[in-house]
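*Asks:* I'd like to go over a predicted model; first the sequence, then the structure.
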Amino acid sequence: MNNLPKTKERKAIENLDHGGNHSLANNKLMMTKPIPEQELIELLKSHYGLCAYSAKILPLGADMNASIYKAETHSNSYFVKIIHDVLQDSPIEIMKLLHDSGIKHIISPIKSLEGKLVKILPHFKLIVYPFIEGENGFDRKLTKTEWIELGRVLKQIHSIQVPAAIQSNLRTEDFSTKWIILAGLLHDKINANTINSDVNVEFKRFFNDHFDKISRLIHSAKVLSKSIQSTRCNNVLCHSDIHAGNILINSQETFYIIDWDNPIMAPKERDLMFIGGGVGNVWNIPQESSYFFEGYGKAQINDEMLSYYRYVRILEDVVLYAEDILSPKQHDQSKRLSLYCFKSQFEENGVIDIAFRSF
């Protein structure tokens, strides 16, 4: 699911949560038990030689298998990521490849005392980064210069030759129909749901009122999926989730591409679909896309492929938000946030409007 722009969704969270604990953080805590602060402080000391005096969980991201902390020493701050799925492939090899290839717009992990970029422990992985204060692309618009530079950097990433040994550990695009199939099952699932909370009733009403658009999304995704099956693809290294929430801009107006948890070898359209795609109701201004391609350069874009990725991404979010709302185990506050995010996709010039215009 998408990260949240402060300007709209995060204000909604604050309105929902008068106790000060943002729903986004609570979502994560429902799925993963936080590590006690003192235990994490001791881990940082024993594995990284860091003498932290605090390690607080942060309400960031939407990966239910990861927890984020900010650790403080008397001289520095650190961004600590705990990945609870020890079988999940680590992006560390890719980040090292990017760094070695001269990509400056990434934040490299700090090595452990053993010289490792990721510390594998019995029940989770520990990754530590320098903490960089800044705003994400939801909270602050990119300037013309930043858009051009983002285009240049993404073209550089797409041009990297990934060694076979690293590729073997990466996902390769298979054009799965998973989200199309699951979205097609939602209508019956939602209307059979017997939970009559205010949130569930409102969600059912909104879903049924907008079912024509949802049906169009599913139908178009099916058509596009069939059409691209015979397309010869030139797979490149893709970030896979390069929306505004994963661009971090610091006070010196340097930006970083963050959240490299799910890199994939895929057609370039896998990343390019976010440019002008309107995820989070930003990056939906044509002039921004023009600036981006000044930096990226001329590109032969497969419009059907681009549209396919946009439709499937929307359906993925539709399914995940719906599952959260329908879950009897999820708390009301989380459901309200998911409902807000679900509705926001249907706003004027949002992701659905833009997808419909493209196909």
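*Replies:* Looks like it came in fine.
*Asks:* can you get me a residue count around Ile218?
*Replies:* Look at Ile218: counted by other CB atoms under 10 Å, it has 21 neighbours. In this view, the C-beta of every residue, glycine as well, is placed from N, C-alpha and C.
*Asks:* my read: Ser77 touches Lys56, true?
*Replies:* No. Using CB atoms under 8 Å, Ser77 is not in contact with Lys56, being 10.6 Å away.
*Asks:* and the residue lying closest to Asp271 once chain neighbours are set aside, how many neighbours?
*Replies:* Leaving aside its sequence neighbours, Asp271 sits nearest to Cys238 (CB to CB, 6 or more residues apart in numbering; 4.7 Å). By the criterion of other CB under 10 Å, Cys238 has 24 neighbours.
*Asks:* going forward, count from 37.
*Replies:* All right, first residue 37 from here; so that's Cys274.
*Asks:* give me the common contacts of Ser113 and Lys92.
*Replies:* Overlap between the neighbourhoods of Ser113 and Lys92 consists of Lys106, taking contacts as CB atoms under 8 Å, 6 or more residues apart in numbering.
*Asks:* am I right that Pro158 sits in a helix?
*Replies:* No. Remark: Pro158 does not belong to a helix; assigned using DSSP: H, G, I helix; E, B strand; the rest coil, it is coil.
*Asks:* from Lys258, how far out is it?
*Replies:* Applying CB to CB, to the nearest Å, the value for Pro158 to Lys258 is 43 Å.
*Asks:* when these two are compared, which one has more neighbours?
*Replies:* Lys258 (15 against 5).
*Asks:* quick one: the helix or strand hosting the more buried one to chain centroid distance?
*Replies:* In the assignment (DSSP states H and E), Lys258 maps to helix 247-264. Centroid separation between helix 247-264 and its chain, computed with CA atoms, centre = their mean, to the nearest Å, is 23 Å.
*Asks:* ok, and what's touching it?
*Replies:* Contacts of helix 247-264 (CB under 8 Å, 6+ apart): 211, 213, 215-216, 219-220, 222-223, 243, 338, 340-341, 343-344, 347-348, 350-351, 354, 382, 388, 391-392, 395.
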